[in-house]
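Visitor: sequence first, predicted model second:
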Amino acid sequence: MLYPEHGFIERFGAAAADGFRGVEFVSPYEYGAAEVAGAARAAGIEIVLFNSPTGDWAKGERGSACQPGREDVFREGIETAIDYAQVMRCPRLHIMAGIVPDGVSAAAAEACLVDNLRWAAARLAETGIAALIEPINPVDMPGYGLNSLAQAERVLAAAGPENLWLQYDFYHMAMMGEALVENFERLLPRIGHVQIADMPGRHEPGTGRLDYAGVFTAVERSGYGGWIGAEYRPNAGTSQGLGWMHALRKQP
């Protein structure tokens with residue numbers, strides 16, 4: 001979402017120039033894995049996370065994990081993602097749940113999701129890649145098959161504790177009305193990745209209503225040692241909006 005003023009391959013160098021040490025992105029599949037890996041290597045930056053194949057994003061597809069009857073498509077997508085992750089040396093994969101199909105009950109979609117995640121987590125473990133799921137708020141993504149924190153916790157418990165982690169996005173949690181810090185601290189043992197954006201608008205921290213001073217203090221205090229992804233839409237240029245990050249780095 002950052003650096004939209006650059007082409008995808010050029011964004012790695014732009015991120016490195018601004019002081020980022022790692023990057024995540026939605027989808028690398030329009031490019032060869034070696035090309036993406038080479039761009040990251042040339043920039044001296046680590047690829048830390050990307051998504052499983054979503055299908056045709058422009059047509060509203062957001063993955064297939066919750067869609068009964070498409071298990072073969074889902075598994076093929078995971079195998080493709082593994083191929084990319086190994087070339088790019090990326091240790092994490094966000095598995096997209098998909099949109100619940102018309103005529104499929106929420107219970108049936110969730111059962112399908114659990115079965116697919118159980119298989120994917122085990123398959124990814126064989127290659128040393130962590131599997132992650134993320135509840136996405138229903139305003140930004142209507143019909144998505146994983147749309148609340150309670151459901152995410154239920155799915156994590158049902159699919160099994162091994163190699164399946166929660167991707168905790170403070171923006172989505174706020175949009176769903178969740179207690180940001182309290183849930184982060186409670187779920188810390190299951191959190192494998194963190195993302196940030198302010199609300200409303202999904203812009204830089206400090207541009208909206210969320211208490212990001214409190215959020216960053218809580219994250220630091222918790223001992224969380226993973227990455228924090230800046231998943232927001234820049235208000236007026238990516239580099240110009242990084243004051244929040246520079247201020248954090250100046251703190252003792």
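Guide: Cool, the structure landed. Numbers count the residues shown, from 1 in each chain.
Visitor: mind listing the helices for the stretch 101-250 of the chain?
Guide: In the stretch 101-250 of the chain, the helices defined using DSSP state H, counting those that start in this stretch lie at 106-125, 149-159, 170-175, 180-187, 212-222, 243-250.
Visitor: most tightly packed of the ones you listed?
Guide: Mean neighbours per residue, mean count of other CB atoms under 10 Å, is largest over the helices of the stretch 101-250 of the chain for helix 170-175, with a mean of 22. Using the backbone N, CA and C atoms, a C-beta is placed for each residue, glycine as well.
Visitor: residue 65 is nearest to which of the helices of the stretch 101-250 of the chain?
Guide: Ranking the helices of the stretch 101-250 of the chain by proximity to residue 65 (CB to CB) places helix 106-125 first, at 4.5 Å.
Visitor: what about that closest one, average pLDDT?
Guide: Helix 106-125 carries an average pLDDT of 98.
Visitor: check stretch 52-60 too.
Guide: Across stretch 52-60, the average pLDDT comes to 93.
Visitor: what's it in contact with?
Guide: For stretch 52-60, contacts defined as CB atoms under 8 Å, 6 or more residues apart in numbering pick out 26-27, 29, 61-65, 77-78, 80-81, 93-96, 98-99, 120.
Visitor: quick one: buried ones out of these?
Guide: Among the contacts of stretch 52-60, the ones that count as buried by 16 or more other CB atoms under 10 Å are 27, 29, 62-65, 77-78, 81, 93-96, 98-99, 120.
Visitor: narrow these to those in helices?
Guide: 77, 78, 81, 120 (DSSP state H).
Visitor: from those residues, which is closest to residue 45?
Guide: Within those, the smallest distance to residue 45 is 19.9 Å, found for residue 81 (CB to CB).
Visitor: now what about the helix or strand where residue 75 lies, what contacts it?
Guide: Using DSSP states H and E, residue 75 sits within helix 71-88. The contact list for helix 71-88 (CB under 8 Å, 6+ apart) reads 28-29, 33-34, 36-37, 40, 47, 50-53, 63-65, 67, 90-91, 93, 95, 112, 115-116, 119-120, 123-124, 127, 129.
Visitor: mind doing that once more with 6 Å?
Guide: Outside helix 71-88, the residues within contact range by CB atoms under 6 Å, 6 or more residues apart in numbering are 28, 33-34, 36-37, 47, 52-53, 64-65, 93, 116, 120, 127, 129.
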